[in-house]
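**Q** A structural model of the following input is requested.
(2 chains)
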Amino acid sequence: MSFINYSSREINCKIVYYGPGLCGKTTNLQYIYRRTNPEQKGKLISLATETERTLFFDFLPLTLGDIKGFRIRFHLYTVPGQVFYAASRKLILKGVDGVVFVADSQIERMDSNIESFEDLKINLAEQGYELEKLPFVIQYNKRDLPNVVPVADMDKLLNNRKIPWFEGVAVTGKGVFETLKVVAKQVLFELKKHY
Amino acid sequence: MIGSDLVMYEEEFRKIDSELQKLHQQANAKVVFLVDKNGQLIASAGDTHDIDTTSLASLTAGNIAATGGIARLLGEKEFTILFHEGEKDNIHISLIGQRIILVVIFDSRSSLGLVRLRVKKAAEILGKIFEEITQKVDKEKGEGKLEESLFAEISDEDIDNLFR
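**A** Presented below is the predicted three-dimensional model:
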């Protein structure tokens, strides 16, 4: 649900990073925050526990630039990945314009990936969205670790629609901006389509 | 879902702005602002210089969302007013028409009673303005005017250029 402001000439959109606990959603946002010019970004807000696990959400406002005199702004959110924060996750999906699913490539996390993916679909449906109709990108994260599942296998598990995916190493930034660019682009094209 | 995008026009923005200025003055508030439920800042009045309004907007929306979640667990539809008391500053948050959040930050120069009273009056007027906006958007969409005004002008190339 974007916000088109003719008065301040701004278009605001919301992108949510979803995925199982410890898959690197917050790390994605932290990398984006570190690598963006100060004038392009606001504060990175993290509502986290003392052990730095996301409790409610992380939030990063980002200005991409101007199109036809309209400032294009994206609000990036993460959800808390841990299973028992289900109620909070649902709330953050409200008004979402695009979703990034961050999957953990480690073999022992495949079940968690699938569980989180199903959880995403259910939570979206409860808000009246269909994942199939939303701008959506997958990031196969932690590709630098030794015990990773081949991308082709992960694709079979999580990506039967053949939506765009990227290999990521969020701690070093690999794939982070590529993922963001593609989902942001999709959101804008979608917006254009509907007006 | 796209149909419920929030659109703000110059004319209505001016009305909203003047209503917020009035509330700011009459409630003796430090800052007054409007946020939509998804965390987008719509308008503000007062001294917002030292305040990170973007973050405040997103956190306020998160707050309302969490409280709404609690309400539903208790069988309530929504808690329409939230109040946080600080040592110096207090914050009064209220829902207008299920969609918009009105936030008033005030200190000892005002009082909760005064803020509540003024907020109630302003909420009625603001609620009506937002209804007008919804009607206007529906009408313009029906007539295809929105398309002419902005998105038709944006080419695929413009979007691509943004990411170079």
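
**Q** In chain A, which strand is the longest?
**A** strand A:54-67 (DSSP state E).

**Q** Give the next helix or strand downstream of that strand.
**A** Once the chain leaves strand A:54-67, the next helix or strand it forms, by DSSP states H and E, is strand A:70-78.

**Q** Specify the next element, helix or strand, located C-terminal of that next one.
**A** helix A:86-92.

**Q** From the contact counts, what lies against the helix or strand just after that following helix?
**A** Using DSSP H and E, the helix or strand that follows helix A:86-92 in sequence is strand A:98-104. Judged by 3 or more Cβ pairs under 8 Å, 6 or more residues apart in numbering or on different chains; DSSP states H and E, strand A:98-104 is in contact with strand A:10-18, helix A:25-34, helix A:110-126, strand A:136-141, helix A:151-158, helix A:176-194. C-beta here means a position set from N, CA and C on the backbone, and glycine is covered the same way.

**Q** so where's the longest helix in chain B?
**A** helix B:112-143 (DSSP state H).

**Q** can you give me the mean pLDDT across that one?
**A** Mean per-residue pLDDT for helix B:112-143: 92.

**Q** same deal with stretch A:113-132?
**A** The average pLDDT within stretch A:113-132 is 95.

**Q** what about it, near chain B?
**A** Yes: counting by Cβ under 8 Å from any Cβ of the partner chain, chain B is contacted by stretch A:113-132 at A:Gly128, A:Tyr129.

**Q** which residues are in contact with that stretch?
**A** Residues outside stretch A:113-132 that contact it (Cβ atoms under 8 Å, 6 or more residues apart in numbering or on different chains): A:18-20, A:23, A:81, A:83, A:86, A:89-90, A:93-94, A:96, A:99, A:101, A:103-104, A:134, A:154, A:157-158, A:161, B:1.

**Q** Neighbour count says what about those? Which are buried?
**A** The neighbour count (16 or more other Cβ atoms under 10 Å in any protein chain shown) marks A:18-20, A:23, A:81, A:89-90, A:93-94, A:96, A:99, A:101, A:103-104, A:134, A:154, A:158, B:1 as buried among the contacts of stretch A:113-132.

**Q** Point out where chain B drops to low pLDDT.
**A** Low-confidence segments of chain B (pLDDT under 70): B:1-4, B:145-149, B:164.

**Q** those helices in it, which residues are they?
**A** Going by DSSP H, chain B shows helices at B:10-26, B:53-73, B:112-143, B:145-146, B:156-162.

**Q** Out of these, flag the one nearest A:Ile67.
**A** In terms of Cβ to Cβ, the element of these nearest to A:Ile67 is helix B:156-162, at 4.7 Å.

**Q** Many thanks, I have nothing further to ask.
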